[in-house]
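[1] Predicted coordinates and the sequence they were generated for:
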Amino acid sequence: MSRVFRKTLRGSGPPGGHPDFLAAEAAGLRWLADAGAPVAKVLAGSEDAIELEKLDTTRPDPEAALAFGGALARMHDAGAPRFGSPPTGFDGQLFIGRRPLSSVEYDSWGEFYARERVEPYLRPARDAGNLTAADSDAVRAACELIASGAFDDDEPAARIHGDLWNGNVLWTPSGVVLIDPAAHGGHRETDLAMLALFGCSLLDEIVVGYQKTHPLVPGWEDRVELHQLHPLAVHAAGHGPGYGTALGRAARAVLGAHA
């Protein structure tokens, strides 16, 4: 019998609660699991609580990292209908952390990413005093460039975790297990860029495992800051001015790369 980790809306949800918060997490986990991803198993769920399989953790391991990279590539390859698509069968509000996440769908990655993954968090970041006017202007200029399709490619919408920072990567005796997704249709490089942003252990080995399964498009290393705009914008909205500074710096790098 599985051991149970119980999450409640009161303990983990956004201020004031939201009836879709835990349902969105459960739907995301199931959607990623349908792609064979190594995610925490959902045992039960309701509006007020979800029960997940409780996991033991261990030290990061190179072989586990290689295996995880391959599994991540296969998860991405399972795809999504469009950029921004929510988990199949879920029509409620999505979240990233405790902040709302759009599920408006697009055929163009650049337009989707600029309009739905970066711009919505700029005003909250400005209102919180975490983003200067100069940095905000740089980010908006970068968003216009991105929305124009300057960085679009032939990559189809991938089935991404969407909040793949180091804290959501658990190293267990049976390998890596992912938790707390903000799952949606996005670009596969976004998940990898978030792993890099927050310092995931054994990232080089993860990338090697990924590349063996589905090679990344050449030049992906030069697009890391582009794909970090989203998590930086989310964090600038509520986690301090350091993230606003980093967001502005990344936006200028994106503009410079296309000068």
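    Alright, I've got the coordinates.
[2] Ends of stretch 90-102, what's the gap?
    13 Å (CA to CA, to the nearest Å).
[3] Residue 178 bridge partners, please.
    Legend: beta-bridge partners of residue 178 under DSSP bridges are residue 39, residue 169.
[4] Quick check: it touching residue 166?
    No. With contacts counted by CB atoms under 8 Å, residue 178 stays clear of residue 166, the gap being 11.3 Å. Every residue, glycine included, has its C-beta placed from N, CA and C.
[5] mind listing the strands for this protein?
    4-8, 42-45, 49-53, 94-96, 99-101, 158-160, 169-172, 175-178, 184-186 (DSSP state E).
[6] Give the buried residues for the second one.
    So that's strand 42-45. Buried residues in strand 42-45, counted by 16 or more other CB atoms under 10 Å: 42-43, 45.
[7] One more: the last one?
    Neighbour-count burial for strand 184-186, with 16+ other CB under 10 Å as criterion, is recorded at 184-186.
[8] Repeat that for the third one.
    Using 16+ other CB under 10 Å as the burial criterion, the residues of strand 49-53 that qualify are 50-52.
[9] same thing with the first one?
    Residues of strand 4-8 classed as buried under the neighbour-count rule (16+ other CB under 10 Å) are residue 7.
[10] before we move on, what about stretch 103-112?
    Under 16+ other CB under 10 Å, the buried positions of stretch 103-112 are 103, 105-106, 108-112.
[11] next one: stretch 230-245
    Judged by neighbour count (16+ other CB under 10 Å), stretch 230-245 contains these buried residues: 230-237, 243-245.
[12] Show me what that stretch is in contact with.
    96-97, 99, 113, 117-118, 121-122, 124-125, 128-132, 135, 139, 163, 165, 190, 193-194, 197-198, 246-247, 250 (CB atoms under 8 Å, 6 or more residues apart in numbering).
[13] Select only the buried ones of those in PyMOL?
    Per 16+ other CB under 10 Å, the buried members of those correspond to this PyMOL selection:
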select buried, resi 96+97+99+113+117+118+121+122+124+125+130+131+135+139+163+165+190+193+194+197+246+247+250
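[14] so of the contacts of stretch 230-245, which ones are in helices?
    Judged by DSSP state H, the subset of those located in helices is 122, 124-125, 135, 139, 190, 193-194, 197, 246-247, 250.
[15] In the protein, what helix or strand scores lowest on average pLDDT?
    helix 9-12 (a mean of 66; mean pLDDT, DSSP states H and E).
[16] Just list the residues touching the nearest residue to residue 55 once chain neighbours are set aside, thanks.
    Take residue 55 and drop its neighbours on the chain: the residue closest to it by CB to CB, 6 or more residues apart in numbering is residue 172, 5.2 Å away. Residues in contact with residue 172 (CB under 8 Å, 6+ apart) are 55-58.
[17] gap between residue 172 and residue 99?
    The gap separating residue 172 from residue 99 is 28 Å, by CB to CB, to the nearest Å.
[18] Equivalent analysis for residue 202, please.
    Relative to residue 99, residue 202 is positioned 29 Å away (CB to CB).
[19] quick one: pLDDT of residue 98?
    Confidence at residue 98, expressed as pLDDT, is 88.
[20] how near is it to residue 124?
    Relative to residue 124, residue 98 is positioned 12 Å away (CB to CB).
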